[in-house]
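Peer 1: got a predicted structure here, sequence first:
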Amino acid sequence: MDWFFIFPTVSTTFIVISAVLVAIGWGLIIKGKREAHKKVMIWAAVAAVIFFIIYSSRTVFIGNTSWGGPDDLKPYYQVFLVFHIVLATVAAVFGITTLTLGFKEKYSKHRKWGRVTSIIWFFTAITGVAVYTLLYLLYPGGHTLPVWKVIFGM
């Protein structure tokens, strides 16, 4: 097992943990347990940040994994990957906004944003696991260069 497999496995685990915590937090707020909801959602955000740190570090210092599957599936994978990346970016922005509204005690807006954010986050986690499964379990591929080597032409 090498870094190209360990980093994605750990980072994907953190996204799954984050989504599970969001689901738990949603259940807690429905039951009226505001303080427990707040704690669980903060931990969900921490798990998401840990994912981002691991993912970014791998991209910058180690590189990513290229598509290793059949050429006829590659265009479908690429469209799916772009969908996942856009969804993850939207989820991150919505997540930060939702957390900010909660911390500012703007609960009416927080509640509205939270419903949408949670659903987007669940789809992000599901598509992230699908990307992981395609790249590391079903069709392991080659490796790309770290971003710093690409930038500096090394």
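Peer 2: Yep, that arrived.

Peer 1: which strands and helices sit next to the helix ranked longest in the chain?
Peer 2: Ranked by residue count under DSSP state H, the longest helix found in the chain is helix 74-103. In terms of contacts (3 or more Cβ pairs under 8 Å, 6 or more residues apart in numbering; DSSP states H and E), helix 74-103 is packed against helix 34-57, helix 107-132. Heads up, the C-betas are built off the backbone N, CA and C, glycines and all.

Peer 1: just how off-centre is the last one within its chain?
Peer 2: Relative to its parent chain, helix 107-132 has a centroid offset of 10 Å by Cα atoms, centre = their mean, to the nearest Å.

Peer 1: need the next SSE after it, C-terminal direction.
Peer 2: As assigned by DSSP states H and E, the chain's next helix or strand after helix 107-132 is helix 147-152.

Peer 1: what's that following helix in contact with?
Peer 2: With contact meaning Cβ atoms under 8 Å, 6 or more residues apart in numbering, helix 147-152 is reached by 59, 60, 61, 63, 154.

Peer 1: select only the buried ones of those residues in PyMOL?
Peer 2: Typed into PyMOL, the next command selects the buried ones out of the contacts of helix 147-152 (criterion: 16 or more other Cβ atoms under 10 Å):
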select buried, resi 63
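
Peer 1: dump the contacts of helix 147-152 into TSV; add pLDDT as well.
Peer 2: Converted to TSV, the contacts of helix 147-152 look like this (pLDDT from 0 to 100):
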residue	pLDDT
59	87
60	88
61	87
63	86
154	65
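
Peer 1: picking that back up, chain center to the longest helix of the chain, what's the gap?
Peer 2: 8 Å.

Peer 1: try stretch 18-28
Peer 2: Worked out by Cα atoms, centre = their mean, stretch 18-28 lies 15 Å from the chain centre.
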